[in-house]
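Q: Here is my input, please return the structure:
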Amino acid sequence: MDNNNIPLPERMRPKDINSIVGQEHLIGIGCPLRAFFENGTFPSIILWGPPGVGKTTFAQIIANTANYIFYQLSAIDAGVKEVREIINKAKFEISKGNKILLFIDEIHRFNKSQQDSLLNAVEKGIITLVGATTENPSFEVNPALMSRCQVYKLHPLSDENIRKIIDDAIKNDVLLSQFDIKIADYNFIIKYSGGDARNALKALELAVKLHPNEKSFTIINKDFEKALQQKSVLYDKGGESHYDTISAFIKSLRGSDPDAALFWLAKMLDAGEDPKFIARRMVIFASEDIGNADPFALSLAVSVFQAVQLIGMPECRINLAQCVTYLACAAKSNASYMGIEMAMSDIKNGETLVVPLHLRNAPTKLMKEEGYGAGYKYPHDFENHFVDANYFPVNMKPKVYYEPTQFGKEKNFLERLKYFWKDKKKYKK
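A: So this is what the prediction gives:
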C-alpha cells in the first residue's frame, strides 16, 4: 500500500515492545507484561485505559511475539455470530498446531450474552482473548469473563511521552523524515492530545499538510489552530484540567449552586468527557454529600446513570442536567459518609471485633447449646418495634458514628433516634 494513503498514527505504530512509549509500569524490567513478552506465553488479558495509549498496539505485538494467528473484532459492529465464527476457525487452527489471539476492541460494548459466548473458548484455551476497554471493566465486563482474564490498566501518556512520539515521527516516519520540520511550541499539541498518541500524530499530520512544497518549515500554534479548527484546549480528559473541572463541578453541587454546576457540566460535555464518568461521580455524590437528608437523590442518580448508558450523547445531556439541578438543590448531609469513615478508622485502629453471643445466629443444635443467640430480644415483639439492647462487639463501649442533621428526611431520623436512645444519651442534639 502507498504510504501516502496510510495515516501517520498507523505508520508510527510500534512494531515491538521496545518501541512502545509509556506504560513503564507494565513493560518495565520485572513488570507483568514484560515477563509475558520474555517467555512468549500470554494469558487472556483485558487492557483498560483511555484512547490512544496503546491497547491495539499491545494486542498486535503480542500476536507477533508469540506467533498467534491474529483476529480482530470491534464490539460496535460484531456480535455472537461473529464470535462463534472465529471460535470455530480457532478450533480448526488448533488441530493444525496453531495458536489464535482474538482482539476485541471496545469489549465493554458487548452485552452479557455476547460476553458469555467467549467464556468456554477462553477457559479451554481455544483462543487467547485480548479485550480493550476505555471503561472500568468492574462495571462493564461480566464477572465470569473477568475471572478468566488478567486486567491491566494503561495510563494516559505523559507530556514527555507525547513529545517523544512527535519527535520520533518527525525524525523517523518514512514521509515526514524527508522534510526539515520544527515545532515552535509543543504546548498546544500536547494539550490537544490529552495523553492520546493518536490525537497528537493526527494533529501533526494535518499541520504538516498546511506547508505543501516546503522542504523546511516551522509549525506554529496558528498552524495547529487552522488545521484542527480549534483555538485552544482548555480541558483534556487525562490531564490537570480534567481534575480541576470535575472538582469545580462537585464543589458547585455541594455548594447548592445549580447554575455553576450546569456550567461545569456543559464544559465537560463540550470537551468530550465520557458522560458515564460524570454520572458515576453524581451517584457517589448523592450518598457522600446528600445521603439521608434526601434518600431519593441516590435513586435519581442511579436512574440517570442507567439512562446515560441506554441513550448516550447528545440526548443524555438532558438526563444529566436533571440530575445536576436536583442534586444541587437537595438538602445536604454527609452524616452517612462521616459515619462509615469513623467506623472504618476504629476497625483499623484495633477496636474489638468479637460478636456477642446474643447477636450470633444459631442454625445448629450445637450452636444453640453453646449459647449462640441466647438472650436476643426480637424488636418486633416490643412496643414501637424497638428494644433497648447492645449491638456492639464484646467489651466495646457503644459509640455514635451516625449523627443525622436537622435537614430533610434526616430531621425525622434524628427525632426518632433521640426518642429511642434517650436513656443512653447517644444523641445530644
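Q: Now do the contacts for Asn339.
A: Quick fix: residue 339 reads Gly, not Asn. Contacts for Gly339 (C-beta atoms under 8 Å, 6 or more residues apart in numbering) come out as Tyr401, Tyr402, Glu403. Yep, even glycine has a C-beta here, placed from its N, CA and C like the rest.
Q: Which pLDDT value does the model give the second one?
A: Tyr402 is assigned a pLDDT of 88 by the prediction.
Q: Contacts only, for it.
A: Ala335, Ser336, Gly339.
Q: Can you give me the neighbour number for the first one?
A: For Ala335, the number of neighbouring residues by other C-beta atoms under 10 Å comes to 19.
Q: Break down the stretch 1-150 of the chain into its strands, ranges please.
A: 45-48, 68-74, 99-105, 128-133, 150-153 (DSSP state E, counting those that start in this stretch).
Q: Nearest to His358, out of those?
A: For His358, the closest of the strands of the stretch 1-150 of the chain is strand 150-153, at 43.1 Å, according to C-beta to C-beta.
Q: Mind giving me the packing neighbours of that closest one?
A: helix 32-39, strand 45-48 (3 or more C-beta pairs under 8 Å, 6 or more residues apart in numbering; DSSP states H and E).
Q: Only C-alpha atoms, please: export it in PDB.
A: Written as PDB, here are the backbone C-alpha positions of strand 150-153 (Å, rounded to 0.1, in the frame of the first residue of the first chain):
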ATOM      1  CA  GLN A 150      -5.800 -10.700  33.700                       C
ATOM      2  CA  VAL A 151      -6.800  -7.000  33.800                       C
ATOM      3  CA  TYR A 152      -4.100  -4.400  33.200                       C
ATOM      4  CA  LYS A 153      -4.700  -0.600  33.400                       C
END
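Q: and Thr218, helix, strand or coil?
A: Recorded secondary structure, Thr218: strand (DSSP: H, G, I helix; E, B strand; the rest coil).
Q: nearest residue to it other than its sequence neighbours?
A: Lys182 (4.4 Å; C-beta to C-beta, 6 or more residues apart in numbering).
Q: Not counting sequence-adjacent ones, nearest residue to Ser193?
A: Ser193 sits nearest to Ala200 (C-beta to C-beta, 6+ apart), 3.8 Å away.
Q: wait, the one you found sits on Ile165?
A: Yes. Ala200 is within contact range of Ile165, at 6.0 Å (criterion: C-beta atoms under 8 Å).
Q: out of those two, which sits in the busier spot?
A: More crowded of Ala200 and Ile165, by other C-beta under 10 Å: Ala200, with 27 against 23.
Q: coming back round to it: could you export the contacts of Gly339 as TSV, including secondary structure and distance to Glu160?
A: Formatted as TSV, these follow (DSSP: H, G, I helix; E, B strand; the rest coil; distance: C-beta to C-beta, whole Å):
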residue	secondary structure	distance to Glu160
Tyr401	coil	46
Tyr402	coil	47
Glu403	coil	48
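Q: By mean pLDDT, show me the worst of the helices and strands packed on strand 150-153.
A: Mean pLDDT values for those show the minimum at helix 32-39, a mean of 84.
Q: Do you have the helices of the stretch 51-200 of the chain handy? List them.
A: Secondary structure of the stretch 51-200 of the chain (DSSP state H, counting those that start in this stretch): helices located at 55-65, 80-95, 112-116, 119-123, 137-140, 143-146, 159-172, 186-193, 197-208.
Q: Thr245: how many residues sit nearby?
A: For Thr245, using other C-beta under 10 Å, the count is 20.
Q: what's the spacing between it and Gly28?
A: According to C-beta to C-beta, to the nearest Å, Thr245 stands 31 Å off from Gly28.
Q: ok, now Ser44?
A: Applying C-beta to C-beta to Ser44 and Gly28 gives a distance of 22 Å.
Q: Who has more neighbours out of these two?
A: Here Ser44 and Gly28 are compared on neighbour count by other C-beta under 10 Å; more neighbours surround Ser44, at 20 against 11.
Q: wait, doesn't that one sit right on Glu123?
A: No. Using C-beta under 8 Å, Ser44 is not in contact with Glu123, being 9.0 Å away.
Q: Now do the shared contacts for those two.
A: Arg148.
Q: ok so, going back, what about the strands of the stretch 1-150 of the chain, which gets the closest to Asp159?
A: Counting by C-beta to C-beta, Asp159 lies closest to strand 150-153 out of those; the figure is 19.6 Å.
Q: residue nearest the centroid of this protein?
A: Asn136 (3.5 Å; C-alpha atoms, centre = their mean).
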